[in-house]
Structures are given as C-alpha cells and as structure tokens.
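K.L.:
Would you be able to build a 3D model of this:
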Amino acid sequence: MIRHPLPTLRRNGIARLANQTGALLTLMAALLLPLHAQELSPTTGSPASSQELPAPTLPAPDAPIPSPASIPTAIPTEQAKLIKSIEVRNIGNATIDRNRVLANMSLRVGQYYTQDKSDADVKNLITAGDVANVNILTEPEGDGVKLTVLVEPRTNLGDISFLGNSAITAESLKQDADLKLGTLVDETQLQAATRKIEEVYRKKGFPDVRVTYRQE
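P.N.:
Predicted coordinates:
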C-alpha cells in the first residue's frame, strides 16, 4: 500500500502564520479558503498544477477614509421628537408678540426637539432683553410634541400711582419702591417693590397692610 504524504503546504503554511500578528491571522483564513476548494493531485497530494492560487486582494494602505458627510446620520431618538406646534403664553399683565419670541428661537415646527436646543433658546430669549423669565414645556401631540413657551415680558415703567395711601405720601412710596421710570421692569422687580412698601408700612405701625399692583 502506498501512503500519500500529508500536504505539507497547508501544515507549514498554518505553522508559519500562527506566529504572526492578528492582522496576518485574518490573511491566513483568506488564503486557506481557496486552498480547500482546489483539487489535490491523487499521486502527490498537492494542488493540481492546472489551477493556480488566486492572489489575495488586500486594501490599499492609503485607502481614503470616508468623509463625515458620507456617513448616514443617526435616526432621531425618543428624546428628539418632531415638533408639531408651538404656543406662546404671556405671564402677567404685559404681553410680547408671538413672532418676536419665535424670532429668538432655533426650535421650529417640523424640526426635532432636543433639550440642548431648548436650553439655548431660553438663554437667547433672556439675553435679547424682552423677557425676564422663560420656560419651554413639552407635551405629546400625535407622533410628535407640542411646545408651550411661557414668557414673562419686561415692560417700560412709565409712571407709578398709589391708591389708599393716606398715611404715607406717594412721593415717599416711590422712593421706597426703588423703581426707576423709563427702565425695563418685570414681575420679579414689581413683587420686590410691593414687599418694600409693606415693610415701610409695618415700621409705621401698620402690620396688617397688604400691597398689590396692577399694570396698565
């Protein structure tokens, strides 16, 4: 009986490549696949001479890296929902035009809502000087969200008048309120002014006095 020797090409090839790096081990698998597919000679056990091993195709070392523009953008997550509508509500007696508010916002109907954009819009609205406080609320609307923009407008202080102040003159109360005519004021400043006037009355012996204000 004639024993055919084991195909040394495959064994030696594996032994050589087993000592290489991980990148070469990947190359070994690519080389062995075509070797298995070939016919072995019935006499020598080596690949038939009529077929040649195809040269492996390796990527060029200087192959260009895909540009960011060619990489598809991520699908919006649940936190980035489509804006269906935007409502602007004024807090207090003063009002500000809806279009003026939207002009200082980056969030738009048809775009995707994100918390980062919302925070930036709040900052932009306050920096513009038309509002003192802003809050942007979200609620589900269909397959998207509805935005409600709560704004507290600043108003120009034209004049201050007092009613029911028989114990203290109006001129004295104006000084105590510490509000300057012709400047922008908001609800926070007006509330602080009422507290100052109440404190003046308590010092004058009127502990139960209550001060309210109304904008006209």
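K.L.:
Every contact and neighbour count from this point should use C-alpha atoms.
P.N.:
Noted.
K.L.:
in this protein, which ranges drop under the pLDDT threshold?
P.N.:
By pLDDT under 70, the low-scoring segments of the chain are 1-79.
K.L.:
and if we set it to 90?
P.N.:
Low-confidence segments of the chain (pLDDT under 90): 1-81, 91-97, 126, 128-133, 152-168, 170-171, 173-191, 204, 206-216.
K.L.:
Which residue, neighbours along the chain excluded, lies closest to I136?
P.N.:
Of all residues not flanking I136 in the chain, V149 sits nearest, at 4.6 Å (Cα to Cα, 6 or more residues apart in numbering).
K.L.:
The one you found: what secondary structure?
P.N.:
When classified by DSSP: H, G, I helix; E, B strand; the rest coil, V149 comes out as strand.
K.L.:
gap between it and A128?
P.N.:
Distance, V149 to A128, using Cα to Cα, to the nearest Å: 15 Å.
K.L.:
Comparing these two, which residue is more hemmed in?
P.N.:
Each of V149 and A128 has its neighbours counted (other Cα atoms under 10 Å); V149 has more, 20 against 11.
K.L.:
OK, contacts around that one?
P.N.:
86-89, 134-137 (Cα atoms under 8 Å, 6 or more residues apart in numbering).
K.L.:
Look up the residues forming beta bridges with it.
P.N.:
Listed beta-bridge partners, V149: V88, I136 (assigned using DSSP bridges).
K.L.:
Count the residues that sit near S161.
P.N.:
9.
K.L.:
swap that for Y113, please
P.N.:
Around Y113 there are 25 residues (other Cα under 10 Å).
K.L.:
who's in contact with it?
P.N.:
Counting by Cα under 8 Å, 6+ apart, Y113 has contacts 79-83, 107.
K.L.:
How about Y112?
P.N.:
76, 80-83.
K.L.:
can you check G144 too?
P.N.:
81-84.
K.L.:
mind putting those residues in TSV, distance to V211 included?
P.N.:
As requested, these are arranged in TSV below (distance: Cα to Cα, whole Å):
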residue	distance to V211
K81	45
L82	45
I83	42
K84	43
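K.L.:
Serialize these to JSON lines and add fields for neighbour count.
P.N.:
Converted to JSON lines, the contacts of G144 look like this (neighbours: other Cα atoms under 10 Å):
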{"residue": "K81", "neighbour count": "18"}
{"residue": "L82", "neighbour count": "21"}
{"residue": "I83", "neighbour count": "22"}
{"residue": "K84", "neighbour count": "19"}
